[in-house]
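K.L.:
My questions are about this predicted structure, shown below with the sequence.
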Amino acid sequence: MLVEGRVTGVVTTELRNGEGQGRISYENRGECFFLPYTKDDVEGNVTLRVGDTVSFQMTTSQRTGNLGALYIRLENPAQPVRYKGVICAIRDAVGYVERADVVREISFKLADAVELGDIQLGDELEFNIETRNGEEFACHITRLPTGSVVFEDVDPEVLKGQVVKPLDRSIQVNPQDPLPGRLRFRGRDRSENAVTFGEKDQKGHYTLKHGDWVQFNVATDRRDKLQRATNIELLDESFAFSGERRENGVVASLKEGCGLIKCAEREPLLPFLVDEWISPDQDLKVGDEVEFTILQDPIVSSKLSATRIKGLLPGTVQFENVIQTELNGAVTKEPPSPRGSTKAMERAAEEMGLISAHRNGNIEHFPFQSKDSDGNVRAKLGEEVIFDLAQVKRNKELIAVNIRVVPKPRAITPPSEKPKPEVKPQRQKVAEKLFENGVKMQNGPKEREEKQTYQGWVAAIKDAYGFIETLEHDREIFFHFSNYEGSLSNLDIGQEVQYTITSKGQPQGKLSAENVRPLAKGSIARPPTGSQVYYGTVLRPVRGSNPEQPYYAGIVKVGLPDGDGEEYEFGVTSLSNKKDFLQKGDLVQFQLEGEDRGVLRANNVKAMRTKLRSTVDHMKGQYGFLNYEAEEGKKLFFHISEVKDDVALQPGDAVEFYLITNQKTGKSSASNVVKLDSQRPDRLIQRLRAVSVDEVACGPRIHVIRQPRGPDGTKGFKGSVKPQSEA
């Protein structure tokens, strides 16, 4: 039981090695008491010496009735005690020191430490404590060498655990909770333990996620024995556990704590913060190959950045995949030579040349860069070359790589003989023909009549451009509406067209269609379609439904995906409804064509989906919204191009539609929207609402809509009375 009020006494007996009991003498009304105390009764991490003046509270043991001392505080040491600490804050000519003996801060006036010179955060100090007006202050301050003050002991054992609560760096740290993070791990006895951590305990400032596997050490505070995790490092197995999609690229630029990454599978440069570098012990440099995770901004969904960036070995990142090797061609456009300033050389390195070659029975033109030449010999205009064909991951463009110049044979003529006429090899003739065709292709309208023409079908129509599916059904060709020689109002998906190919005006030598002319329906011969109907599943959609896939054609499989059914390719022209948006996993019915040619393809592909019904909530620009929630709190949207027969929909209109989900973004939308004609007009609905029950009960009502007129034009009817006959 405590006695109210603090009293003062003097230490007469010290603790032996911090153990046992000591004694404090206390005098009251001429009577002297010797009160026992233990180490746990002393406040702070201080050692009491004989002669020290202390203040304490007296207590009476309920079991024995003996007096004792509790909550002992050192007031005036017999010999001045030196304390240690580290400067943690400086505000308004006052410094604050975190004490090494107790979890508490003590202040000091900068004027009392003028002899120390320039004082900075983190400086280690030694000082005495004096009381002024009931408040403790640090005095007689001296600076200590770095490393003299130790707050905690770090266990060298490396532990492995999982992040239960990651740090939220978007909010300011709460002073009341300096260790907001939390890890869980198993101890030596296999029991599950938890430990907290703060912002300074992580090696680096990269993003940690819930469930990440990390390795760490446990630090124990000497003052209050509190344990926390420190030296936290992210383990590679975290990426496999989280299932997050990892992409790779090359660091393109670094500037003031941020930078840009040239992605292997994305077109634009991706921004990032240097703090997201997982290996802070290694320097991040321009040109480093890295692996990272894409983070979408929670406010602006189109804003992306790279996080959790990890270094890769040189040569790991590949921007293209080689799909065909050892092709022969001729250089029809030479890339510029890298000369001048560094920036000019970088720009020249990005500009493309062109190589023309025979492929699949057609003359095709492939862009290339100077760096793609094999060795120190640069391919020049008109030279015959051997190259590999690669597909760029980020935009699916075909380019020439590993280019080797074919050396020209030299004939040795004896001095006594006359030189024989040069006989050109067949391969050289082909190269010269390719060069001639490639040059003609770039000469513009003057050589327009000599360009090779191609045929295909319109596969997609956007705001001001479209795409054409080739006769081989293996790729799509871009075209702008300005190159369409027909009525745009009649342009529709599946339209048969004729076109030429050019790379003029396209970035990095990309090919596009020009002189696009509509053809009459049936101009392009299609193989006969079999009568048998098959039922199956879409294994791969057309590239228009999934732009990231490398192949244009989609694949359907007879039966279920895990069955043993045959697989067949299909394109936009194979769809029964050319505007249908087939996705992976959709159930379909189809027929086969091309049996006479030995190459079977799916045709008349039709999705077997469930039709849904709803009403139009509102229209906004090119989009409409239905009173149907595919996601919680969000109305289902559709694009006006999905409305059948281009009907103008109004709020309240009843519609029928299919529900589709974009597998890349996870967002749902309505397709094949059809307006239902059975809806009552608004004027009838308003009239029915106004009809009362009495009116309905009394039967139909008659309204005069026109007054009668006589033969002479007078209004109304005239009464006539016949005279009665006499009896």
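P.N.:
Structure received. Numbering: from 1, shown residues only.
K.L.:
and the gap between the residue nearest in space to the middle of the chain and residue 249?
P.N.:
Centroid check for the chain by CA atoms, centre = their mean gives residue 294 as the closest residue, at 3.3 Å. Distance from residue 294 to residue 249, counting by CB to CB, to the nearest Å: 11 Å. The way it works is simple: take the backbone N, C-alpha and C, and place the C-beta from them, glycine included.
K.L.:
Which stretches in the stretch 451-600 of the chain count as strands?
P.N.:
Using DSSP state E, counting those that start in this stretch, the strands of the stretch 451-600 of the chain run over residues 454-461, 465-470, 476-480, 496-502, 512-518, 534-540, 554-558, 567-570, 587-593.
K.L.:
Please determine how far residue 637 is located from residue 539.
P.N.:
28 Å.
K.L.:
now the longest strand anywhere in the chain: how far from the chain's centre is it?
P.N.:
Longest strand of the chain, by residue count under DSSP state E: strand 320-333. Centre-to-centre, strand 320-333 and its host chain are 33 Å apart (CA atoms, centre = their mean, to the nearest Å).
K.L.:
could you turn that strand into PDB, dropping everything but the C-alphas?
P.N.:
What follows is strand 320-333, C-alpha atoms only, in PDB (Å, rounded to 0.1, in the frame of the first residue of the first chain):
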ATOM      1  CA  GLU A 320      11.900  -9.100 -80.000                       C
ATOM      2  CA  ASN A 321      11.400 -12.800 -80.700                       C
ATOM      3  CA  VAL A 322      13.000 -14.300 -83.800                       C
ATOM      4  CA  ILE A 323      10.300 -16.100 -85.800                       C
ATOM      5  CA  GLN A 324      12.200 -16.900 -89.100                       C
ATOM      6  CA  THR A 325      15.800 -17.200 -90.000                       C
ATOM      7  CA  GLU A 326      18.100 -17.000 -93.000                       C
ATOM      8  CA  LEU A 327      15.900 -14.800 -95.300                       C
ATOM      9  CA  ASN A 328      17.300 -13.200 -98.500                       C
ATOM     10  CA  GLY A 329      16.600  -9.700 -99.400                       C
ATOM     11  CA  ALA A 330      17.900  -6.300-100.600                       C
ATOM     12  CA  VAL A 331      18.400  -3.000 -98.800                       C
ATOM     13  CA  THR A 332      15.900  -0.500-100.300                       C
ATOM     14  CA  LYS A 333      16.300   2.200 -97.800                       C
END
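K.L.:
ok, and for that strand, which residues are buried?
P.N.:
320, 327, 328, 329, 330, 331, 332, 333 (16 or more other CB atoms under 10 Å).
K.L.:
want to try TSV for those residues, with distance to residue 209 and pLDDT as columns?
P.N.:
Output for these, formatted as TSV (distance: CB to CB, whole Å; pLDDT from 0 to 100):
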residue	distance to residue 209	pLDDT
320	32	87
327	46	88
328	51	88
329	49	89
330	53	88
331	50	87
332	51	85
333	48	83
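K.L.:
Is it possible to get a markdown table of the residues you listed that adds distance to residue 219?
P.N.:
Converted to a markdown table, those look like this (distance: CB to CB, whole Å):
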| residue | distance to residue 219 |
| --- | --- |
| 320 | 48 |
| 327 | 62 |
| 328 | 67 |
| 329 | 65 |
| 330 | 69 |
| 331 | 65 |
| 332 | 68 |
| 333 | 64 |
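K.L.:
any idea which of those residues is the one closest to residue 114?
P.N.:
Taking CB to CB as the measure, residue 114 lies nearest residue 320 of the buried residues of strand 320-333, at 66.7 Å.
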